[in-house]
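Enquirer: Give me a 3D structure for the following:
(2 chains)
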Protein chains: 2
Amino acid sequence: MSRIDIPEGSLYGLGNLPYGVFSTAGTQPRVGVRVGDSVVDLAIALNDEVFAQPCLNAFMAQGFQRWVEVRERITELVAGDVPDAAVHRLADVQLHLPVEVADYVDFYASEHHASNLGRLFRPNAEPLMPNWKHLPVGYHGRAGTVIVSGTDIVRPCGQRKAPDEDAPTYGECRRLDIEAELGFIVGTPSPLGSPVSTSDFARHVFGVTLVNDWSARDIQAWEYVPLGPFLGKSFATSISPWVVPLLALEAARVPTPGQDPQPLPYLRESEPWGLDIDLSVTWNGQEVSRPPYREMYWSPAQMLAHMTINGASSRIGDLYASGTISGPEKEQRGAFIELTWGGKEPVQVNGEERAFLLDGDEVVISATAPGRDGRIGFGEVRGRILPATEANR
Amino acid sequence: MSRIDIPEGSLYGLGNLPYGVFSTAGTQPRVGVRVGDSVVDLAIALNDEVFAQPCLNAFMAQGFQRWVEVRERITELVAGDVPDAAVHRLADVQLHLPVEVADYVDFYASEHHASNLGRLFRPNAEPLMPNWKHLPVGYHGRAGTVIVSGTDIVRPCGQRKAPDEDAPTYGECRRLDIEAELGFIVGTPSPLGSPVSTSDFARHVFGVTLVNDWSARDIQAWEYVPLGPFLGKSFATSISPWVVPLLALEAARVPTPGQDPQPLPYLRESEPWGLDIDLSVTWNGQEVSRPPYREMYWSPAQMLAHMTINGASSRIGDLYASGTISGPEKEQRGAFIELTWGGKEPVQVNGEERAFLLDGDEVVISATAPGRDGRIGFGEVRGRILPATEANR
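Expert: Numbering: from 1, shown residues only, chains lettered A, B, ... in the order given. Alright, predicted model coming up:
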């Protein structure tokens, strides 16, 4: 038995306690919690088989009261001595996809991002569609290609047609991009025909991850009318391995920037669910953007209310993402297509002019937020671009 | 032991042998095969635990060679005497969702349907988008709301805005519609980075179901720009309980009607995978449409090749649907919005003029195709409209 060391100023103190799924050499993936630079094996520490599962789904299924209780138990446990067998150094573990993803939905909740993309994709039209300020626009993505941080991204191939070309060609994506987002994980399901009101958000959403919604802009631009993005997105969506409990984000809650026109009653909130989370995007080690989540027009409570208002059920493990987080300033844009204005205004990355991703590039998205006592961290979502597979070029 | 009676002219003879998941009073769901008007319990008849599962996924996971072998074993078995404990009358069983659906994708592969919808949704533009004849347009739908035939459909609520209204209002869907489609179920997965070529289609797709992609046209028309359909579709997608093996459809294979321009190489086929399947749509018992699958522009082999060409993996239980099946004739249109031209040309249903679905209406989609020795049937996908939930109106 020994006390877990929490370094002064750690982003992973008792106010955070994010959950993840880890393994050590030769062992099965199981649920742990991050404390400082350690990972606590909850199956051992709490002597509970629900944490011996290779994903968080079974624990999340136990419901909101249990999420509160386990958080309290972990807090007590970590304040005292923990069995040595339950404690691993972060550097010694492998982290896995934390949840078995049921459905994956991606929203489009940043006014700055939606306006920028509108200008870039439809230069001769109003940037925001007429519906945008009335409902959180979203669409379903591919749950089967949600992968954990650290998984390499193979450059996708597909059909692309530049505006000055007569016909599409097949080949490697030439405009490979990122989208820096937050992801919300549903822990409490809702049955068919039972919309989740904005005030029930915290009982349904278990926690938050970072998301990189990798985007092949040239494939997307050609394919997306009229039914939306498909292969331009479905090759990979990376999420961070640590799920920050919504319970850790009380101090980060802020009102959304203001909604005009007032949304329809089912989208109104009795308490704020904007979140004051600061993201950071680094490209080959250099920070190129700091997207501010607090600038998002629609809150995650509004997204869940909207997603279920038609009677659609939600399941344990549903993941819905915010859409690219972009603030009003250029250096707050969460996608390279915006940051470099379609490639026309390159950014300096380690002294080179860069627009879209090259083979070998690595992108890391991280984030912090105010916590109970000091800032808390979300870990990171990291991905490196590998060349397109020879057979597919 | 006794011989299973197969009525003369049955659509469920030895050339069909569709798989489903059934239960009898007080028993657990398990895998069966339909023979005539009987259901054979395969866990008992073949003495194999893989059929004691509540879905086809574990059996499908055993791969193509096993699908061929089991089909041969069932054929031998049914030709002789079958243990009485393995045989149930169809009328005595309850049918369940046959697969655990992983990802759900919906295509848009009928030129007639896409052209009609283009004219209706975008009256001042070219009906087909420039990409339509170059790739099978598709999008991801909500896997969690794929339900089995017979499940009632509660009228969805949501935001709608008629063209002559200034702002959207919240309320019941006023233009509730169907889409008659086929669904293709992936039985052999493909890993990230390994596209499935058109020639590998039959080793990956296990079988075919009927699909009714219920559609709230007013919700869809308001929400769908620019990211595609979302709540207008996600409240329910019904599938038929019987999965007709692709192995039963050899006699139904036909070339697609002809593709001009010639598709890019990854979409070309060395053998035809168009399917000569005749659908029938009945509305409150009266047949209102006969959509011909053979008229579809893109084949299901092309859809799977396209869906994976960017490196996206596919999983056991992935379901992809064809999109509405509409032929060139009015009475071959597989959606009521087309059949009634946006409601402006009502059809006669039991002596009443009708356009969209009213509460209490029931729609049944069925289909037949040429089989090895006589026509084979797909069963049916049936759904009845219930009023919107009081709380949500």
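Enquirer: ok, how many other residues are close to A:T151?
Expert: Using other Cβ atoms under 10 Å in any protein chain shown, A:T151 has 15 other residues around it. Bear in mind the C-beta positions are built from the backbone N, C-alpha and C, glycine included.
Enquirer: whoops, A:A114 was the one
Expert: 23.
Enquirer: Name the SS class of it, please.
Expert: Under DSSP: H, G, I helix; E, B strand; the rest coil, A:A114 falls in the helix class.
Enquirer: Correct me if wrong: it contacts A:P136.
Expert: No - in this structure A:A114 lies outside contact range of A:P136 using Cβ atoms under 8 Å: 10.5 Å.
Enquirer: so what's in contact with the two at the same time?
Expert: A:Y108 (Cβ atoms under 8 Å, 6 or more residues apart in numbering or on different chains).
Enquirer: Quick check: bridge partners of A:V254?
Expert: According to DSSP bridges, the residues that bridge with A:V254 are A:G274.
Enquirer: hang on, it packs against A:G274?
Expert: Yes - A:V254 lies in contact with A:G274 (Cβ under 8 Å); the separation is 4.5 Å.
Enquirer: Mutual contacts of the two, please.
Expert: A:R294.
Enquirer: Which one of the two is surrounded by more residues?
Expert: A:G274 (22 against 16).
Enquirer: give the contact list for that one.
Expert: With contact set as Cβ under 8 Å, 6+ apart, A:G274 has these partners: A:253-257, A:293-294, A:296, A:299.
Enquirer: Report the secondary structure element holding the residue lying closest to A:S199 once chain neighbours are set aside.
Expert: The shortest distance from A:S199 to any non-neighbouring residue, by Cβ to Cβ, 6 or more residues apart in numbering or on different chains, is to A:S270 (5.4 Å). If you go by DSSP states H and E, A:S270 is not part of any helix or strand.
Enquirer: cool, and A:V364?
Expert: Element membership of A:V364, judged by DSSP H and E, is strand A:362-371.
Enquirer: Let me know the next secondary structure element after that strand.
Expert: Downstream of strand A:362-371, the next assigned helix or strand under DSSP H and E is strand A:374-386.
Enquirer: close to chain B, is stretch A:159-174?
Expert: Yes - judged by Cβ under 8 Å from any Cβ of the partner chain, stretch A:159-174 comes into contact with chain B at A:159, A:161, A:167-170.
Enquirer: pLDDT at the residue nearest to A:S199, what is it?
Expert: pLDDT, A:S270: 92.
Enquirer: Could you report the distance from it to B:E181?
Expert: Distance, A:S270 to B:E181, using Cβ to Cβ, to the nearest Å: 41 Å.
Enquirer: circling back to that earlier point, could you list the paired strands of the strand holding A:V364 along with their orientation?
Expert: Counting by DSSP bridges, the strands paired with strand A:362-371 are strand A:278-283 (antiparallel), strand A:374-386 (antiparallel).
Enquirer: Looking at the residues of stretch A:159-174 next to chain B, which are in strands?
Expert: Within these, residues falling in strands by DSSP state E are A:159, A:169-170.
Enquirer: Which one of the residues you listed sits in the busiest neighbourhood?
Expert: That'd be A:Q159 among these, by other Cβ under 10 Å, with 24 neighbours.
Enquirer: was I right about it contacting B:P265?
Expert: No - taking contacts as Cβ under 8 Å, A:Q159 lies outside contact range of B:P265: 11.3 Å.
Enquirer: Noted, bye for now.
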